[in-house]
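A.B. asks: Kindly return the folded structure for what I paste below:
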Amino acid sequence: APLAASYDPTVVEQGWQQHWQQALRPQLESNPKVFSMILPPPNVTGALHLGHALTITIQDAIARWHRMRGLDVRWLPGLDHAGIATQSVVERKLHKERGLSRFDLGREAFVDEVWHWNEQFGGKIMSQIDHLGAIVKKDQSYFTLDDKRSQAVADAFVKLHEKGLVYRRRRMVNWCPTLQTAISDIEVDSEQLEKATKKMLPGRNRAVEFGVMHRFRYQVADSEEFLDVDTTRPETIFGDVAVAVHPEDSRYTMFHGKHVVHPFSHERIPIVTDAVLVNMELGTGVVKVTPAHDPKDFECGRRHKLPEVEVIDKYGKLCGNIDQRFVGMDRFDARQLVVEELQEMSLYVEKLDHPTALSICSRSGDVIEPLLMPQWYVNCGDMARRAADNVRNGVMAIEPKSHAHTWFFFLDNIQDWCVSRQLWWGHRIPAYRLKPGTAGTADASDQWFVAASLDEAREKAEAELGFKLQNDDLEQDVDVLDTWFSSGLLPLSAFGWPNMSCDDAVAKDLSSSYPLDVMETGSDILFFWVARMAMLCEEFSGRVPFEKVLLHPMVRDKAGRKMSKSLGNVVDPLHVINGISLEQLLTDLQGGNVGPRELKKAEKELKKEFPKGIPTCGADALRFTLASYLQQGRQINMDVQRVVSYRHFCNKVWNAVRYALPLLETTKDAKVTADNPADLSLLRDDMTLADRWIMSRLAAVVTEVNNGIAANQLAASVAAIQRFFVQELCDVYIEFSKPVLYGNRLQTNEHEDAAAFEQDQFARKRSAQATLHRCLDYSMRLLHPFTPFVTEELWQRIRDSDPLNTSPS
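C.D. replies: I've put the predicted structure just below:
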């Protein structure tokens, strides 16, 4: 069919994905070099966003380039079960649609609901990956909670436990009352407040004041003296078991070894001296000690053998043997009431502005509650040292290099990793214990048997306990593993580990695909994911999982703000690809969770920026735009109008080829093909200065684009090919060659040999045709990693009719 008169990305981008999947199956008898890479698995929590689109653009460009160079590209896609994120989304959906909580359903029924969600959205996400043009190994796609990955996770946990690297301990954890689970340190955001600030929290109708220090008095026992104490958390007063002063603070020397009277329980609690906890220069120099609800106080309590009195439960409510008026009260409501009670007792002194670092759950926005709980931990010390040294010693490279200091800071200061989560969706921890009521449980309530299956756990338990058990005598830990534990194994588990011993094909695939050639991902998950992979995979394989880490910047809106549903500034890649009306944009915005003030602002910005909506730009224009942004620093300030301009560039490419195709028809008749350098070289004597010039520029841009991709400088590559195609090929060469290609007769004098002139004209035309053919052919190849759809459509028409020719991908 003739090339359409105008470029329509909706039409052009139909059907090529199926063609690529069929045409690019590797020849079984060949043994090409392998290039392996995994797609960072998107969460099954909904649609892809621009960050995913950027990842796919970069990785697909790299994959296509290596494939065009003859390599066997093994680029595996997958989906992440995303424990906390997915469970939260499904819980909200349940509550909104049916008014139910997960506890109303029970664990089994709730997990079934989440699996249904996964089946519903997993397929949509893979379809969106197709829509963006990615050629991935669909037959080797993975899900982090499928059977193979579940076996890998269980085996890894058991192996770490056998090495003494996994242990269970009662420690202070970051507890999120909203999500009802512990979270790791790097899932906690620190929000800096300089003065008194009111903040809305999930599930509360009234704002809570933070950024203040409350000063109150403890009366010294058997004395008229008082000690002034500062605290940002008056509600924890019920858990106070001591007050501490610095041993060298002369103001309080007389109180060493004495006691104060608790204002609510009226019990005597000791005054201890502690140079680690107390800073003499800060506040009054007297600190209340609450070991069960503050990490520093916990360590102080251990040093002085103080009791750990828990007074706040996992729901953020006060509990325990305390004043009954406070039992069951929300922690922040209790804060206000404690202040009022202290005022009535004439023990409250004042409230002061106080710079505060507020610990916020990155997923829920709730304030973290430090709680003492038994949890499972991974000892990361040696693994972290190896991962840091690998970068220091050049075994593994991080690009851009500016991120290396972040890598070292995290790994050099690493804490043991709390890997247990109080969720229902995820990998159940492969640890078992005797059920209550079973013989021997009196002394073994926290005795766990770590094993990959119930049968293995029973065998271990029988060997250790010395008596026979039935399988139903054991119960598995109800907690699940941190999502990052399973995704941290992916460079191994995606290719079939640990099943190598029983499957030769798996072993061969793993040995040729591991380590990965490159690990490309967002800089925001350098410690969440990349560091965990570096630690875990080397621990199990003895080799680094990748020699190069390529980090891309964050995608923000054009004003530099983080894209957030609450701000209403999220750009959906499919809206850019397919186009969307202003009315639909506004409807989608109003259906989100944007606050009234931000909604008004977001609506105004949408109307100003997209008065006619977003036009259909296509995946090629979006990909080219994202690649062009990679020359920026640490973030991309995304302007959709830039995608529109690159859609015009795709249109220019289309029109240039459409113009050229009729002029190239005689090339085939004359047996001059742009795919055969020997044929083109035969015409060298007939080349005009313009022909020679454009061929020199083509040679230069081929080198520039290839060098750019090889060095992961994709922005330099797209800038080079765009400059060549527009400024040199279209604006100069095509204009200069028009008289020759159209065969316009030049004026000749009467003595000139007409036949010789005709022959010269024909030779020059053949040369121009072959030159233009070569330039267009190579331009499509150079553009193809970035704009695969339009270049495939055009290249199939440009190429020689030789049936042996295959797709440039």
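A.B. asks: Which stretches in the stretch 51-200 of the chain count as strands?
C.D. replies: Applying DSSP state E, counting those that start in this stretch to the stretch 51-200 of the chain gives strands spanning 72-76, 78-79, 142-143, 166-176, 181-183, 188-193, 197-199.
A.B. asks: That should have said the stretch 351-500 of the chain, apologies.
C.D. replies: Under DSSP E, counting those that start in this stretch, the stretch 351-500 of the chain gives strands at 356-361, 369-378, 397-399, 417-418, 420-421, 431-434, 449-450, 474-476, 480-481.
A.B. asks: Tabulate those strands (TSV), appending distance to Q584 and mean neighbour count.
C.D. replies: From N, CA and C alone the C-beta is placed, and that goes for glycine too. Compiled in TSV, the strands of the stretch 351-500 of the chain are given as follows (distance: least, Cβ to Cβ, whole Å; neighbours: other Cβ atoms under 10 Å):
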stretch	distance to Q584	mean neighbour count
strand 356-361	33	17
strand 369-378	42	19
strand 397-399	39	18
strand 417-418	44	22
strand 420-421	38	25
strand 431-434	50	21
strand 449-450	53	22
strand 474-476	48	16
strand 480-481	39	24
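A.B. asks: TSV please, covering those and showing mean pLDDT and distance to A384.
C.D. replies: Conversion of the strands of the stretch 351-500 of the chain to TSV gives the following (pLDDT from 0 to 100; distance: least, Cβ to Cβ, whole Å):
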stretch	mean pLDDT	distance to A384
strand 356-361	93	23
strand 369-378	94	10
strand 397-399	95	15
strand 417-418	92	9
strand 420-421	92	20
strand 431-434	94	24
strand 449-450	96	22
strand 474-476	93	29
strand 480-481	95	19
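A.B. asks: Of all these, which one comes closest to Q21?
C.D. replies: With Cβ to Cβ as the measure, strand 397-399 is the member of the strands of the stretch 351-500 of the chain nearest Q21 (30.5 Å).
A.B. asks: Please name the strands paired to the closest one in the sheet, noting orientation.
C.D. replies: strand 548-552 (parallel) (DSSP bridges).
A.B. asks: And the strands of the stretch 51-200 of the chain, which one averages the lowest pLDDT?
C.D. replies: Lowest mean pLDDT within those: strand 181-183, a mean of 88.
A.B. asks: for it, packing partners?
C.D. replies: The contact analysis (3 or more Cβ pairs under 8 Å, 6 or more residues apart in numbering; DSSP states H and E) places strand 181-183 against strand 166-176, strand 369-378, strand 420-421.
A.B. asks: Run through the protein and note the low-pLDDT ranges.
C.D. replies: Within the chain, the stretches with pLDDT under 70 are 25-31, 46, 437-445, 500-507, 565-566, 592-595, 632-634, 666-682, 744-759, 800-809.
A.B. asks: what domains does the record give for it?
C.D. replies: For the chain, automatic domain parsing gives the domain ranges 212-354, 430-476, 652-798.
A.B. asks: Output those domains in JSON lines; the columns should cover distance to D416.
C.D. replies: Compiled in JSON lines, the domains of the chain are given as follows (distance: least, Cβ to Cβ, whole Å):
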{"stretch": "domain 212-354", "distance to D416": "13"}
{"stretch": "domain 430-476", "distance to D416": "17"}
{"stretch": "domain 652-798", "distance to D416": "34"}
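A.B. asks: re the thing from before, quick one, which of the strands of the stretch 351-500 of the chain gets closest to C537.
C.D. replies: Once those are compared by Cβ to Cβ, strand 369-378 is nearest, at 13.7 Å.
A.B. asks: Contacts for the helix or strand containing V644, please.
C.D. replies: Per DSSP states H and E: V644 is located in helix 640-660. With contacts defined as Cβ atoms under 8 Å, 6 or more residues apart in numbering, helix 640-660 is touched by 3, 5-7, 9, 558, 571, 576, 609-610, 614-615, 617-618, 620-622, 624-625, 628-629, 722, 725-726, 729-730, 734, 772-773, 776, 779, 783, 787, 790-791, 794, 797-798.
A.B. asks: So which of the residues you listed are in strands?
C.D. replies: Nothing among the contacts of helix 640-660 maps onto strands, per DSSP state E.
A.B. asks: Skip the chain neighbours and tell me the closest residue to N578.
C.D. replies: Among residues not flanking N578 along the chain, T616 sits closest, at 6.0 Å (Cβ to Cβ, 6 or more residues apart in numbering).
A.B. asks: re earlier: okay, the helices and strands packed on strand 181-183 in TSV with distance to E344 next?
C.D. replies: Below are the helices and strands packed on strand 181-183 laid out as TSV (distance: least, Cβ to Cβ, whole Å):
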stretch	distance to E344
strand 166-176	31
strand 369-378	27
strand 420-421	42
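A.B. asks: Minimum distance to K401: which of the ones you listed has it?
C.D. replies: strand 369-378 (28.5 Å).
A.B. asks: so how far is that closest one off the chain centroid?
C.D. replies: Centre-to-centre, strand 369-378 and its host chain are 25 Å apart (Cα atoms, centre = their mean, to the nearest Å).
A.B. asks: can you give me the helices in the stretch 351-500 of the chain?
C.D. replies: Using DSSP state H, counting those that start in this stretch, the helices of the stretch 351-500 of the chain run over residues 381-392, 404-412, 454-465, 483-487, 490-493.
A.B. asks: buried stuff in the fourth one?
C.D. replies: Right, helix 483-487. Neighbour-count burial for helix 483-487, counted by 16 or more other Cβ atoms under 10 Å, picks out 483-487.
A.B. asks: So which residue is smack in the middle of the protein?
C.D. replies: I525 (5.3 Å; Cα atoms, centre = their mean).
A.B. asks: Now it: closest residue in space, sequence neighbours ignored.
C.D. replies: P40 (7.6 Å).
A.B. asks: Helix, strand, or coil at that neighbour?
C.D. replies: Look at P40: counting by DSSP: H, G, I helix; E, B strand; the rest coil, its state is coil.
A.B. asks: Surely it is in contact with T521?
C.D. replies: Yes. If you go by Cβ atoms under 8 Å, P40 and T521 touch, sitting 4.7 Å apart.
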